[in-house]
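[1] model the structure of this input:
(chains A and B)
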Amino acid sequence: AQTVTQSQPEMSVQEAETVTLSCTYDTSESDYYLFWYKQPPSRQMILVIRQEAYKQQNATENRFSVNFQKAAKSFSLKISDSQLGDAAMYFCAYRSYTGTASKLTFGTGTRLQVTL
Amino acid sequence: NAGVTQTPKFQVLKTGQSMTLQCAQDMNHNSMYWYRQDPGMGLRLIYYSASEGTTDKGEVPNGYNVSRLNKREFSLRLESAAPSQTSVYFCASRTGTGLGNTIYFGEGSWLTVV
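    Below you'll find the predicted structure:
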């Protein structure tokens, strides 16, 4: 079974600064997707960014980018120019294909605080 | 543009009571999922349905049953609620079974079992 590990329960960043959230995963599969989800206090799950395992190029979405190291099974999220609205729980997730449906496996999350 | 709709949003149950969480999506998606989220943990998969008429167990299925009533609706039933089932429950859906499709989450249902 796949596992996703987020070793930073909490992180803090000043507004306009850059922060990196860490994620590692364990799998024997070669074909999979990785995701970062944001969960604000409203609890809604919001997709931030995704990365296909077969792509070497790191995904980027505006101020959000990832550092995907397939051999090391590492998938970190960098948030540039942090804003107050970035404060939330961030979950790393792994998607595998089971043959009948793909499923997401989540890490335990990192709570990001953004300070003035 | 409703997306994934869950009801109820909040519920308090007594131990041993039963209830059903309802989920409906209006995006014509094939796959639907039920997750639970406990404090300090990520979402864990309870059950999923790859298509209408099929259901499969996820990581934590004990104490739950599901029904894929039609393509739109996927309900989660607690037959005899236990305090360990106090959690936030999320329904989700996606258009296909492949890896690349985006998954859409509902807003969550807060369940407390006393």
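[2] beta partners for the most centrally placed residue in chain A?
    In chain A, the residue lying closest to the centroid (Cα atoms, centre = their mean) is A:Trp36, at 3.0 Å. With DSSP bridges as the criterion, A:Trp36 is bridged to A:Ile49, A:Cys92.
[3] what about it, distance to chain B?
    12 Å (Cβ to the nearest Cβ, to the nearest Å). For every residue, glycine as well, the C-beta is placed using N, CA and C.
[4] just checking, A:Ser102 touches A:Tyr94?
    No: using Cβ atoms under 8 Å, A:Ser102 makes no contact with A:Tyr94, being 10.2 Å away.
[5] all strands of the chain, in order?
    No chain in the question, so chain A it is. Taking DSSP state E, the strands of chain A run over residues A:3-5, A:10-14, A:19-21, A:24-26, A:33-39, A:46-52, A:60-61, A:64-69, A:74-79, A:88-97, A:102-106, A:110-115.
[6] that answer is for a different chain, and I need it for chain B
    Taking DSSP E as the test, the strands found in chain B are B:4-7, B:10-13, B:19-25, B:31-37, B:43-49, B:56-57, B:64-67, B:75-78, B:87-94, B:103-105, B:109-113.
[7] what's the most buried one of those?
    Of these, the one with the most neighbours on average (mean count of other Cβ atoms under 10 Å in any protein chain shown) is strand B:31-37, at a mean of 26.
[8] okay, residue 83: pLDDT?
    Going with chain A. In this model, A:Gln83 is scored at 97, pLDDT.
[9] try chain B instead
    B:Pro83 is assigned 96 on the pLDDT scale.
[10] over to B:Thr15?
    On the pLDDT scale, B:Thr15 is placed at 97.
[11] make sure it is actually in contact with B:Leu78.
    No: using Cβ under 8 Å, B:Thr15 is not in contact with B:Leu78; the gap is 10.8 Å.
[12] rewinding a little: make TSV out of the strands of chain A and add mean pLDDT and distance to B:Thr86.
    Shown next, in TSV, are these (pLDDT from 0 to 100; distance: least, Cβ to Cβ, whole Å):
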stretch	mean pLDDT	distance to B:Thr86
strand A:3-5	93	24
strand A:10-14	97	24
strand A:19-21	98	28
strand A:24-26	96	28
strand A:33-39	93	18
strand A:46-52	91	24
strand A:60-61	93	35
strand A:64-69	96	33
strand A:74-79	98	30
strand A:88-97	89	19
strand A:102-106	82	19
strand A:110-115	96	21
